[in-house]
Every structure is written in C-alpha cells, then in structure tokens.
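Undergrad: no sequence for this one, just the structure:
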Ligand code: LM2
C-alpha cells in the first residue's frame, strides 16, 4: 500500500485544492500529463454540510458518502478519473471518515441530504448515535485515548471499531477504487486507532485493472498524522501499513530558509534527522492547513524562499513529493473563488501558463514544473557531490542526471563546481526554458571534466540554479 502506481516517466503529486472535477480533467490532459506529473490529490469527494459563506473547510464535515460537492457530480468525477488515467496522471482522493459534521441547525448537504446533527442522525449514510463515540472534546494531546475517542473541533467522532461503521467506510472506499483512483489520503488518521485503520485498509479492493493498474495492485494509502515529536501519538504507529505525511519536512526547510538553521546541515537530510523511512513519507513544504495560520511555514506568499524550498524538495530523492496548489487567501476562513450563489469559479490560464481568477497554481510556476522534470530525469539516483560553503550556499548532483545549487546566503554564489553531468551547454531550468533551441534564462557550460561555473546573485529573482539531462518522453 506504499506504491503510488505512477505511470513510468512521471513523478510528483499536486494537491489541486478546491478544483472542480471537470477542470482537473482538462488540467491532466493539457498540462499535468504532458509535463510528467505523477498524480493529483483532489479535495474530498463525499457530500458535506453547507456552511454559511462557504469556507473551504466545510468539505471536512461529511453529511453522507454521496459524491456530490462543489467540485462536481459523480458522473463528472468518473469522467475526470478516466481522462486523467488516460493522460498518465493518477488520482488520489482526500477521504474523511474520522468524523461527520459538527453541530448545525437544519444541517443541509451539498447533495441535498439533511441531518439531525445534535442527535447524531445522518440518514444519508445512514448513521445514528450507536455509530459514534460519546461526545467529549479533544483537549489533551498527551493522552492517545482522548485524541482518538473524542471530538476534533466538535466534529462528531465515528467509532471505527464498530463493524457497521467499518462496512460503510469500506464500501465508500471500494466505490472510488472501482472508478479507477490509485489511492487515498486519510484525513485525521491520528484521530483513529491504528488497529481499526489496518482492518479497514485490508478490506479495500485491489485497484481496478481496467485503468492500467497491474493485477493485484493495492491502493496507495497516505495517512495524515501530524507528529512533531512531542505528543502521545507517533507517526511510527502508522507507517507499517501505509505511508504517512511527514510534517517535519516543511518546517525544517522553512526554518532553514528563514535563517533559523543553516542549509549546510541538509547534507544528511532524511532518516538521520528523525524523519520516516523515505518510502513511507509524503513530503511537502506547506499543505492546505499549514499554509493558513502557521507563520513559520513558507507559502506562495514568500515566493522567493518558497521556490527555493520546493526546488530543494523536488531535487532531493527523500520521500514522495507533494506540491501544494492554492487559491489566494488573506484569512483562515477565506473561501475559494466563487460566485454570488456559491458556485466555485475555476482558474483561467494565462499565456505564460500561470493562473488567473484568484488562483495561485504554484504547480504552474516555471520554477516548480521544471523541477518536476528534474525529478523525473533524476529518478532512481542518489545525492552525490554534496558541496557547501559552510553556511547557506549548497549544491549537489543526482547521479549524472542532474545538478542543483541554492544560494540561501545574503551574498553572491560564484563557484566552479563539479556537476557530474556530461560536457555540454545546459539551460538553467529555474531562470528560463529551452525555446526554439535557445535558453531563455541562464546557461551553464559543463567542461570536459564535468565542472562548471555556477553563479546565483543575491539580487536575482530566484535563489536556485538547476540543470539536468534530457527526459525522453
Ligand atoms: C484535517 N486533518 O486532520 C484537515 O486537514 C483539516 O483541514 C480539517 O479541519 C480537520 N482535519 C477536520 O477534518 C478543517 C478546519 C477546521 C474546521 C474543520 C471542519 O481546519 O477549522 O472546523 O475543517 O470544517 C470548523 C470550525 C471550528 C468548528 C468546526 C465544527 O473552524 O471552529 O468547531 O468547524 O463546526 C466548533
């Protein structure tokens, strides 16, 4: 359950947060497939309660397991999965089954379901009081029982030890497997008992071979467990039976780029730092939660540092890399772009590939999508030739496939370094592209000995330089 089933020659997952199914299908065909992205994490698919002003977080309050949300209908979802698979891009669903809604008067769902939330009645599933833990607030992260049996932010907490509840969840998961998804993100996994999750996952079907998965293939499972090392519950309770989100990844890199640590220390980045084993870890700089209200985490708002962090992530072999793709926001509750009656407004695409209509689309930034190409080119190679200046200027190569340099210092980076690449003239993929056989950005000349002059000036738009051998696809 730790194999992503990426199509060969593809890499990198992008979270298309709050995108509509139809628009994701287009994105797979027009951009993600051609650029070699491996997969998309999509927003929750199950019906959610409608919250006034339509904040993004209403989608984390399920009211039934019908496929009806602001992202689209069941038909649209199916069509999207089929088209993305055909474009070589896998789909991973954000599944929410730790809880249902909080308390709401006259709760109504995006698919027309209602619920008597005070009495734990969800006829759309159906669930009733028997299926939930007794109400209590989560208020002690030193107590695993409190974290797993009580309510997260007042959200009614399902009891996954009950056979009836397990059956509803497994049916929900099996239906998404049937239509061709490759796996799922388990929301709030830390708030459920590992032994219950193990049973649930083991009952889920193999992937549907009609969508080009090998026979007997298991869904990729990645579990949201926030473990910074100081609580009763540990990420190591979950990684034997599925992958786990590695929250320390983004914080460590953000801290370093914010001057609280030095980049030179990243020479042994990975398990040596207390991170999960590489194949068990989903890594990211920010996610839809940490980009809001965690000022220490880099996001699109501090774009130069953010691009340095994302470039490092995509250049480094540790972990399964996930890229956040956001809508612009200025407060925690800010809703995604929407019209006056609450329909989502999709991004428009500008001629330089970036997005409009209030969408950031980090995955469409040249520095980001070109580093996805780098990651594809460098697949299955190690970090070699680590170099640093004793502070925040670093460089390394990936086998003889790619070379990256990062300038996190307040002075220019000017060095002759061994790149390990074949002699030749390369386009820096951060400052430009190769267009009509010319580099639109910087060029790097690798000499007969594999060495090149590398320059990253402090006043440049970006603090990274990256070159790699051609990807053949
Ligand atoms: C997650 N992972 O474990 C999601 O990544 C995160 O985005 C979800 O919280 C959370 N778990 C529950 O699925 C978000 C949001 C919360 C919001 C919940 C439910 O961060 O603020 O809580 O979704 O919509 C909201 C209100 C909160 C209220 C609650 C219940 O902000 O004040 O609590 O609804 O009505 C009384």
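TA: Arrived safely, thanks for sending. Only a predicted model underlies this, so the values are computations on that prediction, with no experimental measurement involved. Numbering: from 1, shown residues only.
Undergrad: so who does residue 290 touch?
TA: Applying CB atoms under 8 Å, 6 or more residues apart in numbering, we find residue 290 in contact with 247, 250, 297. Any C-beta I mention is one placed from the backbone N, CA and C, and that applies to glycine too.
Undergrad: between those residues, which is closest to the ligand?
TA: Nearest to the ligand among those: residue 247, at 11.0 Å, using CB to the nearest ligand atom.
Undergrad: please name the nearest non-neighbouring residue to the closest one.
TA: Spatial nearest neighbour of residue 247, excluding adjacent residues (CB to CB, 6 or more residues apart in numbering): residue 226 at 5.1 Å.
Undergrad: still on that earlier bit, in helices, which of the contacts of residue 290 fall?
TA: residue 250 (DSSP state H).
Undergrad: and which of the contacts of residue 290 is nearest residue 310?
TA: residue 250 (10.0 Å; CB to CB).
Undergrad: next one: the residue nearest to that closest one when sequence neighbours are not counted relative to residue 461, how far apart?
TA: Leaving aside its sequence neighbours, residue 250 sits nearest to residue 285 (CB to CB, 6+ apart; 4.5 Å). Distance of residue 285 to residue 461, given as CB to CB, to the nearest Å: 19 Å.
Undergrad: and what of residue 31?
TA: Relative to residue 461, and taking CB to CB, residue 31 is found at 22 Å.
Undergrad: those two: which is more packed in?
TA: Ranked by neighbour count (other CB atoms under 10 Å), residue 31 and residue 461 place residue 31 first, with 19 against 11.
Undergrad: tell me the SS of that one?
TA: Following DSSP: H, G, I helix; E, B strand; the rest coil, residue 31 is assigned to helix.
Undergrad: okay, now the residue of the chain found nearest the ligand: neighbour count?
TA: Using CB to the nearest ligand atom, residue 102 is the residue of the chain that sits closest to the ligand, at 2.8 Å. For residue 102, the neighbour count with other CB under 10 Å is 17.
Undergrad: for residue 244, what are phi and psi?
TA: Here the main-chain torsion angles of residue 244 (degrees, to the nearest 10) amount to phi -140, psi 140.
Undergrad: tell me what residue 398 is bridged to.
TA: residue 383, residue 402 (DSSP bridges).
Undergrad: neighbours of it, how many?
TA: Residue 398: 26 neighbours (other CB under 10 Å).
Undergrad: from residue 318, how far out is it?
TA: Look at residue 398 and residue 318: by CB to CB, they are 12 Å apart.
Undergrad: and residue 45, which of the three is it?
TA: Here residue 45 is recorded as coil under three-state DSSP.
Undergrad: hang on, it packs against residue 73?
TA: No - when contacts are counted by CB atoms under 8 Å, residue 45 is not listed as touching residue 73 (10.4 Å).
Undergrad: which residues do the two both contact?
TA: By CB under 8 Å, 6+ apart, the residues touching both residue 45 and residue 73 are residue 67.
Undergrad: quick check, residue 76 in a helix?
TA: Yes - the assignment for residue 76 is a helix, going by three-state DSSP.
Undergrad: what number of residues lie near the residue nearest to residue 182 when sequence neighbours are not counted?
TA: Leaving aside its sequence neighbours, residue 182 sits nearest to residue 90 (CB to CB, 6+ apart; 3.8 Å). Counted with other CB under 10 Å, residues neighbouring residue 90 total 28.
Undergrad: and what of residue 453?
TA: Residue 453 has 12 neighbours, counted by other CB under 10 Å.
Undergrad: using the three-state scheme, assign it.
TA: Recorded secondary structure, residue 453: strand (three-state DSSP).
Undergrad: tell me what it is bridged to.
TA: On the basis of DSSP bridges, residue 453 is bridged to residue 416.
Undergrad: tell me how far it lies from residue 405.
TA: 11 Å.
Undergrad: now for those two: what residues contact both?
TA: Residues touching both residue 453 and residue 405 (CB under 8 Å, 6+ apart): residue 415.
Undergrad: what's the helix or strand for residue 168?
TA: Assigned by DSSP states H and E, residue 168 belongs to helix 163-178.
Undergrad: what sits up against that helix?
TA: With CB under 8 Å, 6+ apart, helix 163-178 has contacts from 45-46, 65, 93, 95, 97, 125, 127, 130-131, 158-160, 184, 196, 199-200, 203-208, 219.
Undergrad: what's the following helix or strand after that helix?
TA: strand 183-186.
Undergrad: that next one pairs with which strands, parallel or anti?
TA: Strand 183-186 has these strand partners (DSSP bridges): strand 90-95 (parallel), strand 220-223 (parallel).
Undergrad: redo these as TSV? Include mean pLDDT and distance to residue 276.
TA: Converted to TSV, the strands paired with strand 183-186 look like this (pLDDT from 0 to 100; distance: least, CB to CB, whole Å):
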stretch	mean pLDDT	distance to residue 276
strand 90-95	98	18
strand 220-223	98	11
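Undergrad: how about the ones you listed, which one is nearest residue 324?
TA: Taking the strands paired with strand 183-186 one by one with CB to CB, strand 90-95 is closest: 12.9 Å.
Undergrad: can the following helix or strand past the closest one be found next to the ligand?
TA: Downstream of strand 90-95, the next assigned helix or strand under DSSP H and E is strand 107-108. No - on the criterion CB under 6 Å from any ligand atom, strand 107-108 is out of touch with the ligand, staying 10.2 Å away.
Undergrad: for strand 107-108, which strands pair with it and how are they oriented?
TA: Going by DSSP bridges, the partners of strand 107-108 are strand 114-115 (antiparallel).
Undergrad: and the contacts of the helix or strand of the chain with the lowest mean pLDDT?
TA: Lowest mean confidence among the helices and strands of the chain (mean pLDDT, DSSP states H and E): strand 434-435, at a mean of 88. With CB under 8 Å, 6+ apart as the test, strand 434-435 has contacts from 427, 440.
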